[in-house]
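Undergrad: sequence? don't have it. structure:
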């Protein structure tokens, strides 16, 4: 198995584990302060992590497009 496939397999496994963990959280847990109140709630931090992932995905797509020209 090549490095890219290994990376993608690890990525999808981690994503599934994360989604499963979040799915089991109650609304009360999601609305609790994340580490410290100044960092917002678990819900907001999870949403921010997803948004940040989309940001990096867009960067990868643009770089790949530029390299293929």
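TA: Received it, and whenever you're ready, just let me know what you need. What you see is a predicted model, and the numbers here were worked out from it, not measured in a lab.

Undergrad: need the pLDDT of the residue nearest to the spatial centre of the chain.
TA: What sits nearest the mean C-alpha location of the chain, by C-alpha atoms, centre = their mean, is residue 50, with 4.5 Å. In this model, residue 50 is scored at 93, pLDDT.

Undergrad: ok, it to residue 34 distance?
TA: Distance of residue 50 to residue 34, computed by C-beta to C-beta, to the nearest Å: 14 Å. For every residue, glycine as well, the C-beta is placed using N, CA and C.

Undergrad: and for residue 49?
TA: Distance from residue 49 to residue 34, by C-beta to C-beta: 11 Å.

Undergrad: between those two, point out the one with more neighbours.
TA: residue 34 (16 against 10; other C-beta atoms under 10 Å).

Undergrad: need the phi and psi values for that one.
TA: Main-chain torsions, residue 34, degrees, to the nearest 10: phi -90, psi 110.

Undergrad: same thing with residue 33?
TA: phi -60, psi 140.

Undergrad: ok, the closest residue to it other than its chain neighbours - contacts?
TA: Sequence neighbours aside, residue 41 is the residue nearest to residue 33 in space, at 6.4 Å (criterion: C-beta to C-beta, 6 or more residues apart in numbering). Neighbour list for residue 41: 30-34 [criterion: C-beta atoms under 8 Å, 6 or more residues apart in numbering].

Undergrad: helices and strands around the helix or strand hosting residue 67, which ones?
TA: Element membership of residue 67 [criterion: DSSP states H and E] is helix 42-68. If contacts are counted by 3 or more C-beta pairs under 8 Å, 6 or more residues apart in numbering; DSSP states H and E, helix 42-68 sits against helix 27-30.

Undergrad: run through who's touching the helix it packs on.
TA: 41-43, 46.

Undergrad: find the nearest non-adjacent residue to residue 9, please.
TA: That would be residue 1: by C-beta to C-beta, 6+ apart, it lies 7.8 Å from residue 9.

Undergrad: same check on residue 43?
TA: residue 30 (4.1 Å).

Undergrad: which of the contacts of helix 27-30 sits closest to residue 6?
TA: Proximity of those to residue 6 was ranked by C-beta to C-beta; the top entry is residue 46 with 26.4 Å.
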